[in-house]
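1. predicted structure and sequence below. I'll ask about it afterward.
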Amino acid sequence: MQVVRNIQETDRFFSFEFFPPKDKETWPAFMEKAGRLADLGPLFVSVTYGAGGSSHDNSLEICGILKGEMGIDILAHLTCVGAGEKSIDRFIDRLGECGVSDILALGGDGRAEEDASSRFSHACDLVEYVNEKFPSIGLGVAGYPGAHPESPSVEQDLNWHCGKLAKGADFTVTQLFFDNRRYFDYADRLSGLGAHAPVIPGVLPIRSLASLRRIMSLCGAAIPGDLYCGVEKAFGQGGDEAVMEFGFDFARRQIADLLDKGAPGVHIYTLNQADLCERLIGSLKDDGYFS
C-alpha cells in the first residue's frame, strides 16, 4: 500500500501513466523516456495492463524494471472481466516478486483467455476479491467525471463508484477531462454520498490535432467547443508544433487551477512521450507547485 500512503502524506504531487510497448525492439527508447520522467520525481507511475500473452508479460516485466532499476513506486493496472481467480492470483503474486504492492482495479473489455464461469464482471468484483484475499495490496479505481459510457445516468455511475470504494478501494484516478468543473463536481458529488477517498484528476497534455481526435474517439471524453476550435486554429497557423504549444499552455493552466482549488495532485497521461511532460512539470516547479 505504498502509493495510497504516499498520496495521504504528500501535498500537490504529480504522477504519470505509461503503457508497455508491444515490440521489445522499442523498449530502449521507451526506457530512456521513462528514465527522464522518473528523474522529475513523480509520486508514482501507473503501468497499463495487456490482457493475456506477451502483452501481459510485458506489463509485469516493465513494472519490475521501473521499480527495481529506477526506484519508482508502481500502480499496476489490472483488468478483470472474464478472468479466472488463478490468473488474478498469479499476476498479483508476480507483482509482489517485483516489489509492487498497488494495483488499479479495472473492469476491461474481456480477455483472450476469457472464462465464461468468471466471477469478475465489473471492477467492483475485483476490488472485493483482492481486498479479501490480498489485504496488503493497495487498490486504486478509475473514475469518470462525465460518467462511464455504459452507465445509464450520472447518478447511477456515482452509486456504482461508491460501491467500489465501499468494497475496499483506497483512491480514485479519473479519466481525462478538459473542463475542471467536471472534476470538482464529480469529487463533490462523491463526498456528498459519503465517499471521501482521494480523487486524483487525470490530465492529458494535447500534443497534436490527430492525437486529440484519436483519444476522443477511444475514450469518449468531452471537449469544450472553444478548446477544440483553439486547437484547430493553432493547427491552421502552425501545424502540430503550434498545437503542442497550445497544448502545453492549456495543460499548465489546467493543472495549476486544479491544484489551486484543492485537488490532491494530478495524474498525467504521457502517451509514452517525455518532452512535453518534462517542460510542463519544470514550468510548474518553477512556480512553486511541486517541491
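-> Everything's here; your move. Values in this document were obtained by computation on a predicted structure and should not be read as measured data.
2. so what's the residue nearest to residue 263 when sequence neighbours are not counted up against?
-> Counting by Cβ to Cβ, 6 or more residues apart in numbering, residue 201 is the residue found nearest to residue 263 once chain neighbours are left out, at 5.3 Å. Every residue, glycine included, has its C-beta placed from N, CA and C. With contact taken as Cβ atoms under 8 Å, 6 or more residues apart in numbering, residue 201 is in contact with 174, 177, 180, 183, 258, 263, 266, 267.
3. change it to 10 Å
-> Residues in contact with residue 201 (Cβ atoms under 10 Å, 6 or more residues apart in numbering) are 143, 145, 172-177, 180, 182-184, 186-187, 254-255, 258-259, 263-268.
4. same thing with residue 270?
-> By Cβ under 10 Å, 6+ apart, the neighbours of residue 270 are 16-19, 33-34, 37, 42, 45-46, 204-205, 207, 276-277.
5. buried only: go through these for me.
-> Buried by 16 or more other Cβ atoms under 10 Å: 16-19, 33-34, 37, 42, 45-46, 204-205, 207, 276-277, out of those.
6. closest to residue 136 among those?
-> For the buried ones among the contacts of residue 270, the minimum distance to residue 136 (Cβ to Cβ) is 19.0 Å, reached by residue 46.
7. in a strand, the closest one, correct?
-> Yes - the assignment for residue 46 by DSSP: H, G, I helix; E, B strand; the rest coil puts it in a strand.
8. re earlier: return the subset of the buried ones among the contacts of residue 270 lying in strands.
-> Judged by DSSP state E, the buried ones among the contacts of residue 270 include 16, 17, 18, 45, 46 as members of strands.
9. and the residues you listed as JSON lines, adding distance to residue 119 and pLDDT?
-> As requested, these are exported to JSON lines (distance: Cβ to Cβ, whole Å; pLDDT from 0 to 100):
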{"residue": "16", "distance to residue 119": "32", "pLDDT": "98"}
{"residue": "17", "distance to residue 119": "28", "pLDDT": "97"}
{"residue": "18", "distance to residue 119": "30", "pLDDT": "95"}
{"residue": "45", "distance to residue 119": "30", "pLDDT": "97"}
{"residue": "46", "distance to residue 119": "25", "pLDDT": "97"}
